[in-house]
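Undergrad: Quick one, structure for this:
(chains A, B, C, D, E and F)
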Number of protein chains: 4
Amino acid sequence: MTAPLFDPEKPRDRLLSAAARLFHRQGYAATTVREIGAEVGILSGSLFHHVKSKEDILFAVMDRVISAMLDALRAGLATATDPRTRLRALISVELHYLHGPAADATGVLFHEWRALSEQRRAVLLDGRSAYFALWQQVLTEAQTAGLTTLDPTMLRQFLHGALAWTSFWYKPGGALDLEALTDQALTLVLPPLR
Amino acid sequence: MTAPLFDPEKPRDRLLSAAARLFHRQGYAATTVREIGAEVGILSGSLFHHVKSKEDILFAVMDRVISAMLDALRAGLATATDPRTRLRALISVELHYLHGPAADATGVLFHEWRALSEQRRAVLLDGRSAYFALWQQVLTEAQTAGLTTLDPTMLRQFLHGALAWTSFWYKPGGALDLEALTDQALTLVLPPLR
Amino acid sequence: MTAPLFDPEKPRDRLLSAAARLFHRQGYAATTVREIGAEVGILSGSLFHHVKSKEDILFAVMDRVISAMLDALRAGLATATDPRTRLRALISVELHYLHGPAADATGVLFHEWRALSEQRRAVLLDGRSAYFALWQQVLTEAQTAGLTTLDPTMLRQFLHGALAWTSFWYKPGGALDLEALTDQALTLVLPPLR
Amino acid sequence: MTAPLFDPEKPRDRLLSAAARLFHRQGYAATTVREIGAEVGILSGSLFHHVKSKEDILFAVMDRVISAMLDALRAGLATATDPRTRLRALISVELHYLHGPAADATGVLFHEWRALSEQRRAVLLDGRSAYFALWQQVLTEAQTAGLTTLDPTMLRQFLHGALAWTSFWYKPGGALDLEALTDQALTLVLPPLR
DNA sequence: TATGAATGAGATTTCATTCAT
DNA sequence: TATGAATGAAATCTCATTCAT
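TA: Sure thing, here's the model as predicted:
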C-alpha cells in the first residue's frame, strides 16, 4: 500500500532516507549534516555533491511524502464508494504513512513543517492543498450522508490532529495493529449507532 | 480562569514570558538568546544573570505551565460532578491554556517537548503524569457511564492530539469563540444522540 | 612565628583572606569574583567597594606575603649566627609560610606569579629581591664556610624550587611535622658528614 | 634523545605544538583559541575540526609528553647499571625534556596541571605514576647503595621540585649547558665526598 | 556599604558550506 | 564522487565591572 519513498540503489535516496530517520528521531535543527553523513557512510563535505543544502534535504523528504500520500489517497478513494468506506480510506492512508515504512519521512512532514523556510513551505503547499481538498470532499460527503453533525472543516482539523499525534504514542508491532488503530479512529469520528 | 503565569514585575518572569512568545512563534531552536534579550529590552549577556542557560528558560516555561494546568484542572473538576460536565472541563482547561493568556507557554510545552534534554524531560514528566492521570480518570468515568465506547487511554490520546493541534489552526477572536470550540470538541467525543 | 596576614576584624582583610584561599585552591583565573563574594558573604558587585579590581586582590595578597616573609626572615636571621643555623632559618621561614596559617597566600605568591600583569609584577619585585638577597647572602656564607660546593645562586634556585614544590605534596598534620620537614630539607642541602 | 613530540606534517600536531608554545609562554587560561589559531595560521573555528575543545588540546599535549618521557626514561635506564649513573639518567631525562625541543609541552605538563579537569587528570595519572615508579626505584637503589641518607620518597619530591623549578630560571644557550646543569643537580643530591 | 540588575567585551564552540586534491 | 581541511558567521555563555537605589 505504501510504496517505498526512497530507492536504496540511489545514493541520493539513501541520503534522504537516512536524513529522514534522523530528522524524525532528533528533530531537524538538532541534526547536523555530519550525523547525516555518518549515517549514510560518507563525510559531511560529500553530502553537498548530492544536495545543495541541508534545507534541500528537508524539502526533498517532504516533497516525496506529499506526492506519495496524494497518490495513495487517490488510489484509496478510487475504489471506495460509500461515505463510511471513503472516510476509512482517509484515515487508513494517513496512519499507514505515519507508521509504515514511510513513518520517518511522514513524521518529518507533520512535525518539522516550521523548520522549512517560508518560501519553500509555499511551494509544498500546493500538493498539500490537493491532499486536504480530498479530505474536505470526503468529510462533506459524510456530513451530507448524516454520518456526523460536525462541520467538515472542523472535523478535518480535529481528525488530522488526532492522527498526527499518534506518531508520539502509537508503536506498531504491539498488541494493537494498524487496522485496529484505524478502526478506533473511525469509531471516534463515526460512533456506532446507539 | 487562567491565572497569569508570569509576573510582569519580576525581571525573570518578563524574560520567561518574552521567551515563551518567541519560542512559540519561531520554535526553540530558531530563537536566539539575542532575540530574547531584545524582546525584553536587555543585552543577551544579561539574560544569564537570571537563568543558567537557554535550555533553563525552556524548562522554566514548561514547568510553569505544567503546574498551572494541573491546578486549573483540579479546580475545574472540583465543582463538576456529572461525567459530561467533567469531560467538558477537561477540554475547556486545555483549550483555555492553548488559546488564552498562557497560549505561548502552553504551545511551547506541547510542541517543543523534544527540544528539552532527556534528563529535564524526565523531571517534568512527574507533573505531567499527574495531569494525565486526571484525564484518564474522567474518561474512564465517561466510559463507565456509557458516554463513549472507546478505550479511555486511546480516547485520551486522540483527544489530546486533536486539541493540541488546534494551536496550528484556531485563532481566537474570530467567528468561533473558545466556548464554541470547546462545544465542538465535546461533540467530537460525545456525539449527540441520533 | 608567622603573624596572621589578615585581620578578621577588617572587611577588606576578610575578603583578601577568602580570595587567597580560593586562588590557592582553584587558581586565580579559575576563580570568579562571584565565588569570592560568596565565600565572604556578599554579592559580587559589593566587592568593588573594597577593591578596585580582581587583580587588585591578587596584588594585595601577594604584597602582604612578601612584606611578612621579609620581616620574618630578617627576624629569623637576627638571632642566628653560625652558617648552618642561618641556613636552617631560611628554610624554616619558607616552610612555615608555605604550610602555616599563611599557606594560601604564600601558595598564591609562588604559583600565581604569572597571573599578575607585568607592571604589577615589577612593583612587587623590589620586596622580593630584598628577600632573595638575604638568601644569597646566607648561602654565600655557607659556601665560604665550606658547607656546600654548589654555587650559591644555583643552590638558591634549586632549594627554592624544592621548597616551593612542597605545597603540592606536603600536608601538615600528618606523620611528618614542619620541623621534621625542615630538617629533611636541610639534610638535602647539607648532607651529614660521611 | 628527545624525539620530537609533534609531527610538523600533521595539521593536528602543528596545532598542538603551537598551543603548547602559547600555553607555556602565557599560561593555559590566558591563551585564547583565537591566538592558537593565529599561531598555526587558521581561524579559531577551524581548530575544532581537529580537537573537541580547548581542554582537549591541553590534555593531548600533556599525554604526549607523559608517554615520551616514560619511554625516554626507560631507554635511559636500560643501559645504566650503577646507582650513580642511573640517578644521573633520571635527572638528565627530566632536564632534557624541560629545556630541549619538548620544553614547551613539558613546561605545560608541569605547571598547568591544575588547569585540567579532575577527570582528565585522573586519566593521565596512570602514565605519570609509571614514570614516578621508576624514580622511586632508582632513588631506593641509591639509598641502599649508601649514596644518600634521605628517604627516597622525600628525595623524589625535593628533586622533582628543584628540577621543575628550573623552567622558571634556567635558559639554555647560556654559559651553563644542559650537561653542566645536570651535573649540578646531581651534586645537589649526591654531594662529593668530603 | 550592600544590592542586584545590567553592561559589554570577549571567550569558546557549533556548524553549514566551500574547495583544492 | 569522495576527502578533509578550512572558512566564517553566528551561536551560547562567561564574567569583571558599573551604577542607580
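
Undergrad: For chain A, just list every one of the helices.
TA: Remark: helices assigned in chain A by DSSP state H are A:11-26, A:33-40, A:44-47, A:54-78, A:83-99, A:103-111, A:118-144, A:152-169, A:178-189.

Undergrad: Just put those helices in CSV and tack on mean pLDDT, mean neighbour count and distance to residue B:160.
TA: (C-beta placed from N, C-alpha, C; glycine too.) Shown next, in CSV, are those (pLDDT from 0 to 100; neighbours: other C-beta atoms under 10 Å in any protein chain shown; distance: least, C-beta to C-beta, whole Å):
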stretch, mean pLDDT, mean neighbour count, distance to residue B:160
helix A:11-26, 97, 21, 20
helix A:33-40, 96, 17, 31
helix A:44-47, 95, 14, 37
helix A:54-78, 97, 19, 24
helix A:83-99, 97, 22, 16
helix A:103-111, 97, 24, 15
helix A:118-144, 96, 15, 21
helix A:152-169, 97, 21, 7
helix A:178-189, 96, 18, 12
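
Undergrad: Now the ones you listed in CSV, please, with extra columns for distance to chain D.
TA: Shown next, in CSV, are these (distance: least, C-beta to the nearest C-beta, whole Å):
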stretch, distance to chain D
helix A:11-26, 20
helix A:33-40, 11
helix A:44-47, 11
helix A:54-78, 18
helix A:83-99, 38
helix A:103-111, 28
helix A:118-144, 28
helix A:152-169, 33
helix A:178-189, 43
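
Undergrad: Could you export those as JSON lines, including distance to residue C:150?
TA: Listed next are the helices of chain A as JSON lines, based on distance: least, C-beta to C-beta, whole Å:
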{"stretch": "helix A:11-26", "distance to residue C:150": "66"}
{"stretch": "helix A:33-40", "distance to residue C:150": "59"}
{"stretch": "helix A:44-47", "distance to residue C:150": "60"}
{"stretch": "helix A:54-78", "distance to residue C:150": "67"}
{"stretch": "helix A:83-99", "distance to residue C:150": "83"}
{"stretch": "helix A:103-111", "distance to residue C:150": "75"}
{"stretch": "helix A:118-144", "distance to residue C:150": "79"}
{"stretch": "helix A:152-169", "distance to residue C:150": "77"}
{"stretch": "helix A:178-189", "distance to residue C:150": "88"}
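
Undergrad: pretty sure residue A:155 contacts residue A:147?
TA: No - between residue A:155 and residue A:147 there is no contact under C-beta atoms under 8 Å: 10.2 Å.

Undergrad: Up against DNA strand E, what does chain A have?
TA: A:31-34, A:44-45, A:47-48, A:52-55 (C-beta under 7 Å from any atom of the strand).

Undergrad: Return the closest of those residues with respect to DNA strand F.
TA: Nearest to DNA strand F among those, counting by C-beta to the nearest atom of the strand, is residue A:45 at 2.3 Å.

Undergrad: Within reach of DNA strand F, which of the residues of chain A next to DNA strand E are there?
TA: A:44-45.

Undergrad: Among the residues of chain A next to DNA strand E, which one lies nearest to chain B?
TA: When the residues of chain A next to DNA strand E are compared for distance to chain B (C-beta to the nearest C-beta), residue A:31 wins out at 10.4 Å.

Undergrad: give the contact list for residue A:29.
TA: A:115, B:27, B:29-30 (C-beta atoms under 8 Å, 6 or more residues apart in numbering or on different chains).

Undergrad: What subset of those is buried?
TA: Among the contacts of residue A:29, those classed as buried by 16 or more other C-beta atoms under 10 Å in any protein chain shown are A:115, B:27, B:29.

Undergrad: ok, those vs residue A:9, which is closest?
TA: Nearest to residue A:9 among these is residue A:115, at 28.3 Å by C-beta to C-beta.

Undergrad: distance of the residue nearest to the closest one when sequence neighbours are not counted from residue B:27?
TA: Leaving aside its sequence neighbours, residue A:115 sits nearest to residue A:28 (C-beta to C-beta, 6 or more residues apart in numbering or on different chains; 4.1 Å). Going from residue A:28 to residue B:27 by C-beta to C-beta, to the nearest Å gives 10 Å.

Undergrad: Give me the common contacts of these two.
TA: Contacts common to residue A:28 and residue B:27, judged by C-beta under 8 Å, 6+ apart, are residue A:115.

Undergrad: sorry, back to before: pick out whichever of the buried ones among the contacts of residue A:29 sits closest to residue A:105.
TA: Using C-beta to C-beta as the measure, the one of the buried ones among the contacts of residue A:29 that approaches residue A:105 most closely is residue A:115, at 13.9 Å.

Undergrad: Quick check: residue A:87 touching residue A:140?
TA: No - between residue A:87 and residue A:140 there is no contact under C-beta under 8 Å: 11.0 Å.

Undergrad: which ones are touching residue A:69?
TA: A:93-94, A:97, A:106, A:131.

Undergrad: Among those, which ones lie close to chain B?
TA: Among the contacts of residue A:69, proximity to chain B is found for none (C-beta under 8 Å from any C-beta of the partner chain).

Undergrad: and those, which two are the farthest apart?
TA: A:106 and A:131 (12.0 Å).

Undergrad: so what's residue A:92 closest to, chain neighbours aside?
TA: Residue A:92 sits nearest to residue A:182 (C-beta to C-beta, 6+ apart), 5.0 Å away.

Undergrad: how about the residue nearest to residue A:115, what does it touch?
TA: Residue A:28 touches A:58, A:108, A:112, A:115, counting by C-beta under 8 Å, 6+ apart.

Undergrad: which phi and psi does it have?
TA: phi -60, psi -50 (degrees, to the nearest 10).

Undergrad: Could you check the pLDDT of it?
TA: Looking at residue A:28, its pLDDT is 96.

Undergrad: and the residue nearest to residue A:113 when sequence neighbours are not counted, how far is that from residue B:22?
TA: Spatially, and ignoring its direct neighbours in sequence, residue A:113 is nearest to residue A:121 (7.0 Å; C-beta to C-beta, 6+ apart). Separation of residue A:121 from residue B:22 (C-beta to C-beta): 19 Å.

Undergrad: Sounds good, over and out.
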